[in-house]
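Trainee: The following comprises the amino acid sequence and a computationally predicted model.
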Amino acid sequence: MTRRILHLDLDAFFAAVEQRDKPSLRGKAVVVGGAGPRGVVATASYEARRFGVRSAMAGTEARRRAPNAAFLGGRFAAYRESSRIVMGLLREVSPLVEPLSFDEAYVDLGPTRWAEHELEDRVANLRAELTRRTEGLTASVGVASSKFLAKLASEAAKPDGVRILDPAEELDFLAPLHVRAMPGVGPATEQRLVAIGVHTVAELREADPAELIRELGQAAGEGLAALAWGRDDRAVQPQREPKSISTEDTFATDLTDRAQLEQILRRDAAAVTARLRKAGYFARTVTLKVRFPDFTTRTVARRLGGATDAEDVITATGLALLGEIDVRAGVRLLGIGVSNFSTSAQERLFGDEDAGATSASTSVEDGDVGLSGVRGRGFHPGADVIHDEWGRGWVWGSGLGRVTVRFETRQTGPGPIRTFAVDDEALRPADIDPLPAAVAESDD
């Protein structure tokens, strides 16, 4: 039997979640990320894409192209919740699910025993159930005989569509595609291929294998030649172990205050440790990443004596690494990560390692080092809030000691806008409004 692999990609995921939860933004240009002079776009709604806004674009350029778009900070708890619901739904279809990110996954349909003539209806039902459980999100789906082709099919189906490739049509589907559609073909590889007269997959099939290897190297040349004929036998990997867990902050202005950097590092180390514990791993290595104003980046790592998920050890190791770096020139980006995982804790072989040397560092309160404006702090645009009188809403904008809030939820429809003093005791940050489907799933 021919393998059938499904690739699902949620449409404009981060922006779609914001539009779902903020009724006044539905049908409007929405950009997630891109705030501040150094911000980078994470996702743009399709309305914003009409102005040329794309992910990974500098926020300044995105604002130039779409000055009237809503630029929002990320709400990762909301994205994680919707992603968990979608991945849970896919695992009800098949145990062989390989998540690639919050919004993308492969599914091996072999265990489903779906007949070929049932695929169209089965996929339609899956997409409808996804929209119901997530209260409005949509996904594009591709089905083919391999992961490579299934992903290309879902891209061809965007937005909010389906492309099911009959095995007999797969080579014809591939032939006219530009070589940039092939995985691993970036601008540099494209230039090399164009230089030898290869622009499309059909031309790639006709190319001399020896010439491809000479231009691209043996692994890349042979790999592309195989993909041009649809040859991809990679299996769906349902248990993909993470190679690392990390977080980083890019600052609006360069930071030189070591106490401030240490407090940010403590907060981020706590977040990384929480994710490490949730994943059920123990880390043997801690890595610190520092980027300076001239974009030079220094990455330093330290192996622990054993494997741990202890927040104090990970934090202390990060602080020790930061202590080795001269920050007087200013820090543009600071990140901490853990890697080299084990599934069980391992005691350190020696008790006098550097990792514990700074664990007694004095804690500094957020207010003492001015964390407002750093990721995860303050009333950033898009953040969930609640007011004692007005109820739930989200931050429309803030500055000059004021916070403007639109009071609405995904159940209410567009709501009124009110402005408050930033220190108004009746206004405070709020947790996300959970989806009913998430509650049902957590009971499983």
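Mentor: Cool, got the structure.
Trainee: can you pull the contacts of Thr134?
Mentor: 20, 82, 85-86, 435, 437 (C-beta atoms under 8 Å, 6 or more residues apart in numbering). All C-beta atoms are positioned from the backbone trio N, CA, C, and that covers glycine.
Trainee: just Arg26 next, same as before
Mentor: 19-20.
Trainee: how far away is it from Phe14?
Mentor: 15 Å (C-beta to C-beta, to the nearest Å).
Trainee: Please pull out the lowest mean pLDDT helix or strand from this structure.
Mentor: helix 366-369 (a mean of 31; mean pLDDT, DSSP states H and E).
Trainee: partners of the helix or strand just after it, with directions?
Mentor: With elements assigned by DSSP states H and E, the helix or strand that comes after helix 366-369 is strand 384-387. As defined by DSSP bridges, the strand partners of strand 384-387 come to strand 391-399 (antiparallel), strand 427-429 (antiparallel).
Trainee: Please could you give me each C-alpha atom of the first one, formatted as PDB?
Mentor: Written as PDB, here are the backbone C-alpha positions of strand 391-399 (Å, rounded to 0.1, in the frame of the first residue of the first chain):
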ATOM      1  CA  GLY A 391     -14.100  43.100  33.500                       C
ATOM      2  CA  ARG A 392     -11.800  41.300  31.000                       C
ATOM      3  CA  GLY A 393     -10.100  43.100  28.100                       C
ATOM      4  CA  TRP A 394      -6.800  43.600  26.400                       C
ATOM      5  CA  VAL A 395      -4.200  46.400  26.200                       C
ATOM      6  CA  TRP A 396      -4.800  48.600  23.200                       C
ATOM      7  CA  GLY A 397      -1.800  50.800  24.000                       C
ATOM      8  CA  SER A 398       0.200  52.200  26.900                       C
ATOM      9  CA  GLY A 399       2.700  55.100  27.600                       C
END
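Trainee: Got the domain ranges for the protein?
Mentor: 1-173, 175-228, 244-368 (automatic domain parsing).
Trainee: As TSV, those with distance to Val422 would be great.
Mentor: Supplementary listing: these in TSV, determined by distance: least, C-beta to C-beta, whole Å:
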stretch	distance to Val422
domain 1-173	16
domain 175-228	45
domain 244-368	13
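Trainee: tell me the secondary structure for Gly414?
Mentor: You called it Gly, but residue 414 is Pro. coil (DSSP: H, G, I helix; E, B strand; the rest coil).
Trainee: How about Leu227?
Mentor: What three-state DSSP gives for Leu227 is helix.
Trainee: Looking at it now. What's its pLDDT?
Mentor: pLDDT, Leu227: 92.
Trainee: Neighbours of it, how many?
Mentor: 22 (other C-beta atoms under 10 Å).
Trainee: circling back to that earlier point, ok, so of the contacts of Thr134, who is nearest Ala270?
Mentor: Ser82 (24.3 Å; C-beta to C-beta).
Trainee: quick one, what contacts the closest one?
Mentor: Counting by C-beta under 8 Å, 6+ apart, Ser82 has contacts 10, 13, 17, 134, 137, 435.
Trainee: As TSV, those residues with distance to Val385 and pLDDT would be great.
Mentor: Below are those laid out as TSV (distance: C-beta to C-beta, whole Å; pLDDT from 0 to 100):
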residue	distance to Val385	pLDDT
Leu10	26	97
Phe13	23	96
Val17	17	97
Thr134	23	97
Leu137	23	97
Leu435	19	86
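Trainee: Most neighbours of all those, which one?
Mentor: Busiest of those [other C-beta under 10 Å] is Val17, holding 29 neighbours.
Trainee: Check whether it sits in a helix, strand or coil.
Mentor: The local conformation at Val17, judged by three-state DSSP, is helix.
Trainee: check contacts around it.
Mentor: Val17 neighbours (C-beta under 8 Å, 6+ apart): 75, 78-79, 82, 137.
Trainee: now Asp388
Mentor: Per C-beta under 8 Å, 6+ apart, neighbours of Asp388: 426-427.
Trainee: The one 4 residues further on too?
Mentor: Under the criterion of C-beta under 8 Å, 6+ apart, the contact partners of Arg392 comprise 384-386, 407, 409, 430, 433.
Trainee: Repeat the analysis, applying 7 Å as the threshold.
Mentor: With contacts defined as C-beta atoms under 7 Å, 6 or more residues apart in numbering, the neighbours of Arg392 are 386, 407, 409, 430, 433.
Trainee: Give me the distance between Asp121 and Ile164.
Mentor: Asp121 is 11 Å from Ile164, by C-beta to C-beta.
Trainee: ok, now Leu224?
Mentor: Taken as C-beta to C-beta, the span from Leu224 to Ile164 is 25 Å.
Trainee: Comparing these two, which shows the higher neighbour count?
Mentor: Leu224 (24 against 19).
Trainee: Mind telling me what element the more buried one is part of?
Mentor: According to DSSP H and E, Leu224 maps onto helix 218-228.
Trainee: Counting by contacts, list what that helix packs against.
Mentor: Where contact means 3 or more C-beta pairs under 7 Å, 6 or more residues apart in numbering; DSSP states H and E, helix 218-228 is packed against helix 201-206, helix 209-216.
Trainee: Alright, that wraps it up for me.
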